[in-house]
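Novice: Quick one: sequence and predicted model below, then my questions.
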Amino acid sequence: MSKSMGFRNSGKLNLSGKQTEYAVAGGLLIVIVAAVVFAATQIWSCGSTPIGERGEPRVKCVKCGEEWTITREEEMILNRENEMRRGVPVGEDCEKCGGEGTVFLMNICPECKTYYLSKSITDPDKFAEGGNKEVCPNCGTDLNEWWREHRRRR
């Protein structure tokens, strides 16, 4: 009996063992490439603002009022530490005045590019109660509204 018995003239693809392996491997390769491309586009588009539009990351000490620029790596560390603290902003120690837990990452307004401290830092009790919106103190832009209007459509 031949291996292709029942498939001859039936219109179905008749592949040998090696050909089947190549077809399956090719199909898997296509699926993997599509998944990688999809993941890359999602990661690329999930950044809220392109790095060039965010400005340099800055911090401010609420005790002495000093502001200074930090590196992107330092910014990522601060963000990661605050994420692990469930979003409750906890300050770093100030190298300038010695204040403990007084240095916080500043926001930048997407509209006027002004740096400022979040209301969650400057008035945490009122912010926690929902009494303060996150609004730029320079131009009055409501950050939640701005991002809702400017979020990329998918």
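Specialist: On my side now, so go ahead. Numbers count the residues shown, from 1 in each chain.

Novice: Now do the strands in the protein.
Specialist: Using DSSP state E, the strands of the chain run over 58-61, 67-69, 103-105, 107-108, 115-116.

Novice: Lowest average pLDDT across those strands?
Specialist: Lowest mean pLDDT within the strands of the chain: strand 107-108, a mean of 87.

Novice: picking that back up, now the strands of the chain as a markdown table including mean neighbour count?
Specialist: Yep, even glycine has a C-beta here, placed from its N, CA and C like the rest. As requested, the strands of the chain are exported to a markdown table (neighbours: other Cβ atoms under 10 Å):
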| stretch | mean neighbour count |
| --- | --- |
| strand 58-61 | 20 |
| strand 67-69 | 12 |
| strand 103-105 | 22 |
| strand 107-108 | 18 |
| strand 115-116 | 18 |
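
Novice: what sits against residue 69?
Specialist: Taking Cβ atoms under 8 Å, 6 or more residues apart in numbering as the criterion, residue 69 is in contact with 56-58.

Novice: So in terms of bridging, what pairs with it?
Specialist: Following DSSP bridges, residue 69 is listed with bridge partners residue 58.

Novice: how far away is it from residue 26?
Specialist: Distance of residue 69 to residue 26, computed by Cβ to Cβ, to the nearest Å: 50 Å.

Novice: For residue 136, which of the strands of the chain is the nearest?
Specialist: Nearest to residue 136, of all those, is strand 115-116, at 6.5 Å by Cβ to Cβ.

Novice: re earlier: could you export the strands of the chain as a markdown table, including distance to residue 91?
Specialist: Formatted as a markdown table, the strands of the chain follow (distance: least, Cβ to Cβ, whole Å):
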| stretch | distance to residue 91 |
| --- | --- |
| strand 58-61 | 8 |
| strand 67-69 | 14 |
| strand 103-105 | 5 |
| strand 107-108 | 15 |
| strand 115-116 | 15 |
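
Novice: Residue 89 is nearest to which of those strands?
Specialist: Closest to residue 89 of these is strand 103-105 (Cβ to Cβ; 5.9 Å).

Novice: on that earlier part again, using TSV, lay out the contacts of residue 69 together with distance to residue 111.
Specialist: Output for those, formatted as TSV (distance: Cβ to Cβ, whole Å):
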residue	distance to residue 111
56	18
57	18
58	17
